[in-house]
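# Any chance you can model this:
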Amino acid sequence: MSRRTRALVFLVAAIICALLAALVAGHYRSRLEGRYGPLRPVVVTTTELPAGEPIDVQRIGSALAVRRVPASFAPPGVLVHPADALGRAPSATIPSGSYVLDVQLAVPHAEATPGPGVGQGLRPLEVSVAGAQALTIGGSPEGRQVDVVVSRQAGLGRTATARIAASGVKLLALQSPAGPGESWSATLAVTEQQALSLIGAQSAGREIRLLPRP
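Here you go, the predicted structure:
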């Protein structure tokens with residue numbers, strides 16, 4: 001048997017094995033779904049969530065994940081989207097590897113120090129921003145309306161882009177960098193759709209800037 005013929009035989013055998021594996025996996029999944037119900041997404045913790053600490057954008061990316069489990073295994077009230085936990089805090093510590101339930105999370109009590117309100121139908125979102133020092137010119141920027149611009153730098157095979165991801169949102173807080181090499185942090189009052197858009201942009205490494213409105 002020639003080398004080319006042997007290679008062709010191995011290729012055919014590999015294809016047959018892959019097809020058999022797919023058939024077995026499909027059959028197993030069908031039996032599993034028939035017995036326990038179809039698979040559905042659930043939110044679980046990948047690290048411990050301490051009680052009373054609000055869940056921000058960074059913690060959503062590092063401490064929460066989506067898994068698919070049979071419907072009969074999913075407890076009532078389990079979150080489906082990690083963004084549903086944004087800005088809320090566990091009423092008790094949630095261990096790593098646990099389901100995240102809606103009843104476990106609560107909106108933190110407002111601090112005694114007055115500040116700009118979030119607004120009805122909005123939620124606070126903390127994001128890293130560039131060039132935020134310009135916002136401090138002329139006094140404290142908290143409570144002002146800003147436009148949120150998301151940009152992408154030019155690279156191999158792509159051009160630089162910039163778009164307004166959210167217009168006229170309220171700036172709730174602005175925090176300077178904690179140390180060298182770190183970014184400014186801004187807390188914005190946004191809708192759920194705006195929050196998801198900005199979370200996705202930050203996760204993709206896009207640059208976020210705030211432009212004060214006149």
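
# Can you classify residue 199 as helix, strand or coil?
For residue 199, the assignment made with DSSP: H, G, I helix; E, B strand; the rest coil gives helix.

# Give me the pLDDT for it.
pLDDT recorded at residue 199 is 91.

# what's the closest residue to it other than its chain neighbours in contact with, if anything?
Excluding its sequence neighbours, the residue lying closest to residue 199 (CB to CB, 6 or more residues apart in numbering) is residue 57, at 5.6 Å. C-betas here are computed from N, CA, C, even on glycine. Counting by CB atoms under 8 Å, 6 or more residues apart in numbering, residue 57 touches 86, 125-127, 198-199, 202.

# what about 7 Å?
125-127, 199, 202 (CB atoms under 7 Å, 6 or more residues apart in numbering).

# Filter the residues you listed down to the ones in helices?
199, 202 (DSSP state H).

# about what we covered before: ok, now how distant is the residue nearest to residue 199 from residue 209?
16 Å (CB to CB, to the nearest Å).

# So for the longest strand seen in the chain, mean pLDDT?
Counting residues, the longest strand found in the chain (DSSP state E) is strand 161-175. The pLDDT scores in strand 161-175 average 90.

# Run through who's touching that strand.
Outside strand 161-175, the residues touching it (CB under 7 Å, 6+ apart) are 115-116, 118-119, 124, 132, 135, 141-152, 184-190, 194, 197-198, 201, 210, 213.

# In stretch 69-79, which residues are buried?
Of the residues in stretch 69-79, 69, 74, 78-79 count as buried by neighbour count, 16 or more other CB atoms under 10 Å.

# With stretch 138-147 instead?
Here stretch 138-147 shows 141, 144, 146 as buried, counting by 16+ other CB under 10 Å.

# what about it, how long is it end to end?
Terminal residues of stretch 138-147 lie 18 Å apart, using CA to CA, to the nearest Å.

# Quick one: mean pLDDT for it?
The average pLDDT for stretch 138-147 rounds to 85.

# Which residues does it contact?
115-116, 135, 164, 167-174, 210-213.

# Of the residues you listed, select the buried ones using a PyMOL command.
In PyMOL, this line selects whichever of the contacts of stretch 138-147 come out buried by 16+ other CB under 10 Å:
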select buried, resi 135+169+170+171+172+173+174+210
